[in-house]
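In: Make a model of this:
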Amino acid sequence: MKAYVFPGQGAQYPGMGKDLYEKFPAAREIFERANGLLGFRITDIMFSGTDEELRQTRVTQPAIFLHSVVLTAVAGSDFAPAMVAGHSLGEFSALVAAGALSFDDGLTLVAGRAAAMQRACGINPSTMAAVLGMPDELVEEVCASLKETVVPANYNSPGQIVISGTVEGIRLASEELKQRGAKRIVPLSVSGGFHSPCMEPAREELEDAIRKARFSRPVCPVYQNVTAMPVTDPGQIMDNLVAQLTSPVRWTQTVERMIADGATSFTEAGPGSVLQGLIKKINPGVATSALTVGA
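Out: Next up is the predicted model:
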């Protein structure tokens, strides 16, 4: 069974999507529609902007979403998933690609999500750090033992977990984890503590927009971050999307469940190859590839 996966924030790069825009009229139509919906020419930043310009949250999230959705649209009948999943932001790309959400609603929600997250960062100063070479259970134990807000945010692969929380919480957790034997702690260059209670203002802000959007039953199961379980019910999809901003991304568990449910190959639809690398760490024997489209 063929699974498709969709990357999240951090996969962007200058020039992303320009080749698709130039080669495919269908891609050009979607890009221009996005420019109109967003109220600014995101294509100018994607195609010729600097890395710094592309890292702005209001640009990054819609840009990655747009790249992924355009790829699947241009692929046409070659895009035939048995199951899909997206990493954080990538969940919105997965839902649009699987027909659970329209492109217009998906892009509107992604843009709103980016703005809400940016505002939450101003309300609750926070950050994130990657913990390498430590069992998940020990990371969970250390986070739970601290009085400051700090939680596991991304279960990326065995031995690679990202923690998120207040600046002081990350500092205390990092010190304790080093003492407990963590191979390495890497502070992340992010604007806030995503997928933690620090994002509660964003969750509240985005919930109303999610509830007002129109969701349909997807063409295949969507494995959502919050539960790592397959979902097809539109109501459950909405509930999980609302919870996603303050809950961890269970990527390791998601990939393991997809394999258990019959996934024999994973194709990454979007910029970069981050998810292919993580999947290989989770299960070295499974086939991975990038979604490519011909001229």
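In: Going by C-alpha atoms from here, please, whenever you check contacts or count neighbours.
Out: Noted.
In: check contacts around the nearest residue to residue 174 once chain neighbours are set aside.
Out: Spatially, and ignoring its direct neighbours in sequence, residue 174 is nearest to residue 185 (6.5 Å; C-alpha to C-alpha, 6 or more residues apart in numbering). Neighbouring residues of residue 185 by C-alpha atoms under 8 Å, 6 or more residues apart in numbering: 129-132, 174, 178.
In: residues near residue 270, how many?
Out: By other C-alpha atoms under 10 Å, 31 other residues sit near residue 270.
In: I figured it hits residue 63, correct?
Out: No: the criterion here is C-alpha atoms under 8 Å, and residue 270 misses it with residue 63 at 10.0 Å.
In: Now do the buried residues in stretch 282-289.
Out: 282, 288 (16 or more other C-alpha atoms under 10 Å).
In: Dump it to PDB, restricted to CA.
Out: What follows is stretch 282-289, C-alpha atoms only, in PDB (Å, rounded to 0.1, in the frame of the first residue of the first chain):
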ATOM      1  CA  ILE A 282      11.900   4.700  12.300                       C
ATOM      2  CA  ASN A 283      12.000   1.700   9.900                       C
ATOM      3  CA  PRO A 284      15.100   1.300   7.700                       C
ATOM      4  CA  GLY A 285      13.500  -1.400   5.600                       C
ATOM      5  CA  VAL A 286      10.600   0.600   4.200                       C
ATOM      6  CA  ALA A 287      10.800   2.300   0.800                       C
ATOM      7  CA  THR A 288      10.800   6.100   0.600                       C
ATOM      8  CA  SER A 289      10.800   8.500  -2.300                       C
END
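In: quick one: contacts of that stretch?
Out: The contact list for stretch 282-289 (C-alpha under 8 Å, 6+ apart) reads 157-158, 252, 255-256, 264-268, 276, 279-280.
In: Buried ones from the residues you listed, can you make that a ChimeraX selection?
Out: Of the contacts of stretch 282-289, the buried ones can be selected in ChimeraX as follows, counting by 16+ other C-alpha under 10 Å:
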select :157,158,252,255,265,266,267,268,276,279
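In: Mind checking which of the contacts of stretch 282-289 are in strands?
Out: Of the contacts of stretch 282-289, the ones assigned to strands by DSSP state E are 157, 265-268.
In: just those residues now: which is nearest residue 27?
Out: residue 268 (18.1 Å; C-alpha to C-alpha).
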